[in-house]
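A.B. asks: fold the following and give me the result.
(one chain, ligands or ions: 1)
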Amino acid sequence: MSSSRILLVIGGGIAAYKTLDLIRRLKERGFSIRAILTEAAGEFVTPLSVGTLTAEPVFRELFDLTQEHDVGHIRLARDADLVVVAPATADLLAKMANGLANDLASTALLAATSPVLAAPAMNPTMWAHPATRRNVAWLEAQGVAFVGPEEGLMAERGESGLGRMSEPLAIVAAVEARLRPAAGALAGRRVLVTSGPTHEPIDPVRVIANRSSGRQGHAIAAAAARAGAEVILVSGPVALPDPAGVTTVHVESAREMLAAVEAAPPVDVAVFAAAVADWRVAEDAVQKIKKGAGGPPTLTLVENPDILATVARRTEGRPELVVGFAAETENVLDNARAKLARKGCDLIVANDVSAGGGGVMGGARNTVHLVGSGGVESWETMTKDAVAEALVTRFAAALRPRP
Ligand code: C5P
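C.D. replies: Prediction:
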């Protein structure tokens, strides 16, 4: 399953300045990054800049007691889906090829079980040296992937040759090729996603709302767009920016959401991640309801249209794949199975939003179960971005191939 946690090992070379841009670009694409700075790397970039860009603590010392307590160098290495070494200096490559473990970076690299991608950067003479040639050949034989180095001018005055670290976007492409095989998987497809809460008006200033942040739905829209789909996102009121490359339609109430969904062009996949209010106030007041002698008002609620069921039960223009979400606080799987049948959709993505569910609502991580006609598949806890990425891979695989 694709995921998106990267352990970035920053070696001590002048190219480390480019690694700051690399972090920014990987973050833009939804990867989460933990960085280890070698002692020498700290001479070129500061932990403050790296930590600010990754929005995570920066790891430097093998025997830092606080960090050992929180994370531990073995877990640091094992938690990642991909280890990226950039810049991979001659020294780091030599340590990797010889199994040295005399600092945090080399220890983590030795303990890592995930694939490793190295972006070498060094002086051309060092790159051409038989020792480096031998180390690179051995690492390649072990499955370490390399991006670069490139030909060009060196930081040393007047020198040029093979040894420049690849540009950040080239490294990003190498990362995506490994972690996001879904890239392009939804090319030529149209995907509709609903996301966020709905606000049901009581009067012009008050609403009935819920705690949905829209993070999971927005992440799915963004991941589908990255996979090449044309994406329409119908979003309730959220504090998130519109995802890049996605047509976002902003709505407030369930009825507005339904209208926007009905107005959308035909789609191949429809994902209903929004937390739609089940009820609305029968007649919202035109003027603000005043506190008065009559005491608190009585609100009469009526049921909202079920947007998911409406689309799943279309006789004409039904999307090939209709996906619902089930936010449950108890009996997660039983309720999801019942919902699959009741709504007529193809797949339910169920999650536990009880307090024990780990703050899914508004949080960054999610534990989901995929409930379909074939049974249940439970996924490990992942970031919402990683869940989105993995779901998009699933959607692509579930669609009938195009002739
Ligand atoms: O019935 P329940 O609200 O638990 O169902 C959740 C699923 O149904 C979600 O996918 C949600 O987006 C969708 N839904 C909807 N319209 C509603 C209520 C729920 O599309 N009125």
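
A.B. asks: okay, CA-based contacts and neighbour counts for the rest of this
C.D. replies: OK.

A.B. asks: just the element for the closest residue to residue 99 other than its chain neighbours, please.
C.D. replies: In this structure, residue 99 finds its nearest non-sequential neighbour in residue 110, 6.2 Å apart by Cα to Cα, 6 or more residues apart in numbering. Here residue 110 sits within helix 104-111, counting by DSSP states H and E.

A.B. asks: what residues does the stretch 201-350 of the chain put near the ligand?
C.D. replies: Within the stretch 201-350 of the chain, the positions adjacent to the ligand are 272-276, 278, 304-308, 324-326 by Cα under 6 Å from any ligand atom.

A.B. asks: correct me, but residue 126 touches residue 93?
C.D. replies: No. Using Cα atoms under 8 Å as the test, residue 126 is too far from residue 93 to be in contact (11.4 Å).

A.B. asks: what separates residue 152 from the ligand, distance-wise?
C.D. replies: For residue 152, the distance to the ligand equals 52 Å [Cα to the nearest ligand atom, to the nearest Å].

A.B. asks: mean confidence score for stretch 131-151?
C.D. replies: Mean pLDDT, stretch 131-151: 91.

A.B. asks: now do that stretch: distance to the chain's middle.
C.D. replies: The chain centre lies 29 Å from the centre of stretch 131-151; the measure is Cα atoms, centre = their mean, to the nearest Å.

A.B. asks: need the residues that contact it.
C.D. replies: Residues outside stretch 131-151 that contact it (Cα atoms under 8 Å, 6 or more residues apart in numbering): 90, 93-94, 96-97, 115-121, 126-127, 160-166, 170-171, 174.

A.B. asks: would you mind listing which of those are buried?
C.D. replies: Those of those that meet the buried threshold are 90, 93-94, 96-97, 116-121, 126-127, 161-166, 171, 174, by 16 or more other Cα atoms under 10 Å.

A.B. asks: remind me, longest helix of this protein?
C.D. replies: Assignment by DSSP state H gives helix 384-398 as the longest helix of the chain.

A.B. asks: buried sites along the helix holding residue 110?
C.D. replies: Neighbour counts over helix 104-111 (16+ other Cα under 10 Å) mark 104, 105, 106, 107, 108, 109, 110, 111 as buried.

A.B. asks: so the last one touches residue 78, yeah?
C.D. replies: Yep, that's residue 111 we're talking about. Yes. With contact defined as Cα under 8 Å, residue 111 reaches residue 78; the gap is 7.3 Å.

A.B. asks: okay, now the closest residue to residue 365 other than its chain neighbours: neighbour count?
C.D. replies: Spatially, and ignoring its direct neighbours in sequence, residue 365 is nearest to residue 383 (4.1 Å; Cα to Cα, 6+ apart). Per other Cα atoms under 10 Å, the neighbour tally for residue 383 reads 22.

A.B. asks: surely residue 383 touches residue 366?
C.D. replies: Yes. Counting by Cα under 8 Å, residue 383 does reach residue 366; the two are 6.0 Å apart.

A.B. asks: what's the next secondary structure element after the helix or strand hosting residue 34?
C.D. replies: Residue 34 belongs to strand 32-37 when elements are defined using DSSP H and E. Going down the chain from strand 32-37, the next helix or strand is helix 47-54, by DSSP H and E.

A.B. asks: list the buried residues of that next one.
C.D. replies: Under 16+ other Cα under 10 Å, the buried positions of helix 47-54 are 47, 50, 51, 53, 54.

A.B. asks: other residues contacting that helix?
C.D. replies: So helix 47-54 is contacted by 20, 23, 24, 27, 32, 33, 34, 35, 37, 57, 58 (Cα under 8 Å, 6+ apart).

A.B. asks: in CSV: these, plus distance to the ligand, pLDDT and neighbour count.
C.D. replies: Converted to CSV, the contacts of helix 47-54 look like this (distance: Cα to the nearest ligand atom, whole Å; pLDDT from 0 to 100; neighbours: other Cα atoms under 10 Å):
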residue, distance to the ligand, pLDDT, neighbour count
20, 38, 98, 20
23, 34, 97, 22
24, 32, 95, 17
27, 28, 92, 15
32, 27, 92, 21
33, 30, 96, 26
34, 33, 96, 24
35, 36, 97, 25
37, 43, 97, 25
57, 35, 92, 16
58, 38, 94, 20
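
A.B. asks: list just the nearest of these to residue 398.
C.D. replies: residue 32 (27.2 Å; Cα to Cα).

A.B. asks: show the contacting residues for that closest one.
C.D. replies: Here residue 32 is in contact with 4, 5, 6, 26, 54 (Cα under 8 Å, 6+ apart).

A.B. asks: so which of those are in helices?
C.D. replies: Those of these mapping onto helices are 26, 54, per DSSP H.

A.B. asks: list the contacts for the closest residue to residue 95 other than its chain neighbours?
C.D. replies: Leaving aside its chain neighbours, residue 95 sits nearest to residue 106 (6.5 Å; criterion: Cα to Cα, 6+ apart). Applying Cα under 8 Å, 6+ apart to residue 106 gives the contacts 92, 95, 96, 99, 100.

A.B. asks: quick one: the second one and residue 105 touch, right?
C.D. replies: No. Taking Cα under 8 Å as the contact criterion, residue 95 and residue 105 are not neighbours in contact, 9.6 Å apart.

A.B. asks: rewinding a little: quick check, nearest of the buried residues of helix 47-54 to the ligand?
C.D. replies: Proximity of those to the ligand (Cα to the nearest ligand atom) peaks at residue 54, which lies at 31.9 Å.

A.B. asks: can you give me the helices in the protein?
C.D. replies: For the chain, the helices defined by DSSP H cover 16-28, 47-54, 65-70, 73-78, 90-98, 104-111, 124-128, 130-141, 168-179, 215-226, 254-263, 307-312, 332-343, 384-398.

A.B. asks: lowest-confidence stretch among the ones you listed?
C.D. replies: For the helices of the chain, the bottom mean pLDDT is recorded on helix 65-70, which sits at a mean of 61.
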